[in-house]
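Q: Here is a sequence with its predicted model. Questions after.
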Amino acid sequence: MSEEEIDPPFERKGPQPASISATAFICPYCETHTTQHWYQCHVREYEKGRTPPTGSASEWQRFLDKNPHLDRDEHSSILDYVNKLASKTVFFEPNEEYLTVIQTGNLSLSQCYECDQIAIWASHRLVWPPHRSGVVPNSDLSDAVKALFEEARSILDLSPRGSAALLRLAIDKLTLELGAEGDDLNKRIGDLVRKGLDRRIQMALDAVRVIGNEAVHPGAMDLSDERETAEILLGLVNLIAEKMLSEEKHLVEVYSLIPPGKRKGIENRDKKK
């Protein structure tokens, strides 16, 4: 066997976590394992007294007031730039003018081949977007609950207690979205049980209520919470969503495949019963 046919012993197999030393890894934005393009950073100083643009409407209006003779193409190009600023995401903006720049060290950008989003690295550390740990949220969760879930993932490594507090808040909100009544989580679980809640989901919800400290209110931090607690809560949110949202959605989708005539016959049969 030739030397070229032998895999290096240190070569990593399978999906690669985001790393300054890799040209393909799991994108911190779209979470696809794909090629990443690396960029070196250069900077130049703003003119004295000038601050970075933010893309606010007032800035845009001031610029228009100072440049009333812009043609349509210039107007469109600048408006596109302002919209990019307002999006709060990192982006590339070509500039054909020659500018004196300073090369930076220990500051790099990576751009995902799949979603084109740009990540910021300080030395070997990913500083933007916030690194998200743990499982991804169930796609059938509402946007509000999903936002809490994603925020909890983004701080799981930095603050497991804060992550657990956000997940308790997410579950509290989820019970309300499921139509539960009551002024606290315990009463809402009881209400859902009376309405036919699956016994397994009741067990999961009660686990959420007592894990760490039964007295902890949704959104409050329990000083005894550790990373393991937050990871369990991540899984429980998805379990509840799977049983209460996804399974019903899948059943409805399957039932909708039945031809209307036969579906009507089934409904008439059930009415007779």
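A: That came in fine, so what should we check first?
Q: shouldn't D191 be in contact with L178?
A: No: under the criterion of Cβ atoms under 8 Å, D191 lies out of contact with L178, with a separation of 9.6 Å. Just so you know, the C-beta spots here come from the backbone N, C-alpha and C atoms, and that holds for glycine as well.
Q: Enumerate the positions of stretch 189-204 that are buried.
A: By 16 or more other Cβ atoms under 10 Å, the buried positions in stretch 189-204 come out as 189-193, 197, 201, 204.
Q: what about that stretch, start to end distance?
A: With Cα to Cα, to the nearest Å as the measure, the ends of stretch 189-204 fall 10 Å from one another.
Q: Please shift the residue numbers so they start at 41 in all later answers.
A: I'll keep to 41 as the first residue from here, and by that count the last item is stretch 229-244.
Q: Average pLDDT for that stretch, rounded please.
A: Mean pLDDT, computed over stretch 229-244, is 78.
Q: Can you give the distance of that stretch from its chain's centre?
A: Here the centre of stretch 229-244 is set off from its chain's centre by 28 Å, with Cα atoms, centre = their mean, to the nearest Å.
Q: which residues sit against that stretch?
A: Stretch 229-244 is touched from outside by 215, 218-222, 245-246, 249, 276, 279-280, 283-284, with contacts defined as Cβ atoms under 8 Å, 6 or more residues apart in numbering.
Q: out of the residues you listed, who's nearest Y86?
A: Closest approach to Y86 among the contacts of stretch 229-244 (Cβ to Cβ): L276, at 48.6 Å.
Q: Mind listing what's buried along the one helix or strand that closest one maps to?
A: Take DSSP states H and E as the rule and L276 turns out to sit in helix 267-281. Within helix 267-281, the residues that qualify as buried by neighbour count (16+ other Cβ under 10 Å) are 267, 269-274, 276-281.
Q: Just the closest of those residues to I195, please.
A: For these, the residue nearest I195 by Cβ to Cβ is A270; the value is 9.0 Å.
Q: which residues touch A64?
A: Contact partners of A64, counting by Cβ under 8 Å, 6+ apart, are 56, 73-76.
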